[in-house]
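*Asks:* Build me a model:
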Amino acid sequence: MSTIRPRTSAASEATATPGWGGRGGRGGRRRGPVRSLAPGLAACVVALALAFGIHALLPSLPAMTLAVVLGIAAANLPGVSGWVDGSWQPGLRFAGKHLMRAGIVLLGLKLSLGDIAALGWQSFALIVAVVLLSFAGTYALGKLFKLPGDAPLLIATGFSICGASAIGAMAAVRGTKHQDTVLPVALVTLCGTLAIGTLPLLMHPLGLDAVTFGRWVGASVHDVGQVVAASQTAGAVALSAAVVIKLSRVVLLAPIVATAGLFERRRRRATAAAADHAGTFPPIVPLFVLGFLAMIAVRSLGWASPAVLDFGNLAQEIALGPALFGLGSSVRVRELLHAGPRSLVMALFAWALIAALGLGAVVLAG
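*Replies:* Down below sits the predicted model:
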């Protein structure tokens, strides 16, 4: 159920894109690593500027969601798609991996343990329960619908914690190939975008006040930007409540990724023992997740001034925007439509499950 085109070899890419990769440029010289990344990273910068520009005109559309959409558009527009598969490819892959990790580290500056403690242990326990139940339920749905490889795990991580960022973190600790993250990112973006338009319409029919609505959005919508876009429709009080609940979910990224890392090490150790060779083992907690925890500590201890926090927030979007554009550029709509109906139905069921769990939790919390 792959949703991207088969990789071309380095030799074929060099032949297809003379002057931009390998041999084939002037004098048959090779480009250096930095020059090979430049076209793709330049495209990421342009896409980021467009995403911010559209967001400024239409604040209800999160810039990070727009970055994914622009990546999908670039991969499927005639002419531009040739650049995506050719000269842009090294830079896009670099952004999808390394800038994603940088963005996750900076995400920690949004989290203050004091804000989470102010919720009270009962509310936080309910949030933990929502995350764990939605993770387990989404993973079970992925297995039930027979999604391949790591797709059930990645979708469960993205839906239950913080969207594409969480997918990137889990993929890193599992050693998942870039192309296998494409479908989970597409689904989490689609369902999060649907939530922006759907949940505000349900506020009054469900009889929710602004605070309860904000908490529901924070407990059930995937990405931080999507939470902001959906909750701000009910005012500043709803937005504030939503962000605190959402960031309480985000803090669970570290323990869940660490648990996955522990299981992955055990699996690889068992495989290596069976094959009677040394094997290689990933760290239980990747360095970028440790960086994420360090940034939480910086924010919680008050070591960062408001100016530094504002800069960190901007830097996080500057890192995540190109990463999400790079991930979106791997999506081929024709192949997704051909191979993805089962995945789409599964994602919609998971979306309904998380929304129901989130609503139940905020009602219980009062």
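
*Asks:* dump the residue contacts of residue 115.
*Replies:* The neighbourhood of residue 115, defined by Cβ atoms under 8 Å, 6 or more residues apart in numbering, consists of 244, 247. C-beta coordinates here come from the backbone N, C-alpha and C atoms, glycine included.

*Asks:* One more: residue 313?
*Replies:* With contacts taken as Cβ under 8 Å, 6+ apart, residue 313 has the following neighbours: 106, 109-110.

*Asks:* Try it again at 7 Å.
*Replies:* By Cβ atoms under 7 Å, 6 or more residues apart in numbering, residue 313 lies in contact with 109-110.

*Asks:* I figured residue 170 was touching residue 157, is that so?
*Replies:* Yes - Residue 170 is in contact with residue 157 according to Cβ atoms under 7 Å; the separation is 4.3 Å.

*Asks:* What strand or helix carries residue 269?
*Replies:* Assigned by DSSP states H and E, residue 269 belongs to helix 253-275.

*Asks:* where are the low-confidence patches of the stretch 201-350 of the chain?
*Replies:* For the stretch 201-350 of the chain, the stretches flagged by pLDDT under 70 are 272-284, 335-336, 338-340.

*Asks:* So which residues of it form helices?
*Replies:* Ranges of helices within the stretch 201-350 of the chain are 210-220, 224-231, 236-250, 253-275, 287-300, 306-328, 333-339, 341-365, based on DSSP state H, counting those that start in this stretch.

*Asks:* Which positions in the fifth one come out as buried?
*Replies:* By that I understand helix 287-300. Applying a neighbour-count criterion of 16 or more other Cβ atoms under 10 Å, one finds 288-289, 291-293, 295-296, 298-300 buried in helix 287-300.

*Asks:* still on that earlier bit, what helices and strands are in contact with the helix holding residue 269?
*Replies:* Under the contact criterion of 3 or more Cβ pairs under 7 Å, 6 or more residues apart in numbering; DSSP states H and E, the helices and strands touching helix 253-275 comprise helix 163-174, helix 287-300.

*Asks:* higher neighbour count, residue 170 and residue 157?
*Replies:* For residue 170 versus residue 157, the count of surrounding residues by other Cβ atoms under 10 Å is larger for residue 157: 30 against 25.

*Asks:* SS state for residue 146?
*Replies:* coil (DSSP: H, G, I helix; E, B strand; the rest coil).

*Asks:* and the residue nearest to it when sequence neighbours are not counted, how many neighbours?
*Replies:* Closest residue to residue 146 in three dimensions, ignoring its sequence neighbours and counting by Cβ to Cβ, 6 or more residues apart in numbering: residue 342, at 7.5 Å. As a burial measure, residue 342 scores 12 neighbours (other Cβ under 10 Å).

*Asks:* again with residue 366
*Replies:* If we define neighbours as other Cβ under 10 Å, then residue 366 has 7 of them.

*Asks:* again with residue 80
*Replies:* Applying other Cβ under 10 Å, we find 15 residues neighbouring residue 80.

*Asks:* of the helices of the stretch 201-350 of the chain, which approaches residue 153 most closely?
*Replies:* helix 253-275 (7.3 Å; Cβ to Cβ).

*Asks:* what angle do that closest one and helix 287-300 make?
*Replies:* Between the axis of helix 253-275 and that of helix 287-300 there is an angle of 160 degrees, by axes from the mean of the first three to the mean of the last three Cα atoms, to 10 degrees.

*Asks:* Now do helix 253-275: distance to the chain's middle.
*Replies:* Averaging C-alpha positions (Cα atoms, centre = their mean, to the nearest Å) puts helix 253-275 22 Å from its chain's average.

*Asks:* The residue lying closest to residue 89 once chain neighbours are set aside sits in which helix or strand?
*Replies:* Across the structure, with Cβ to Cβ, 6+ apart as the measure, the residue nearest residue 89 apart from its sequence neighbours is residue 40 (6.4 Å). Of the helices and strands defined by DSSP H and E, residue 40 is found in helix 33-57.
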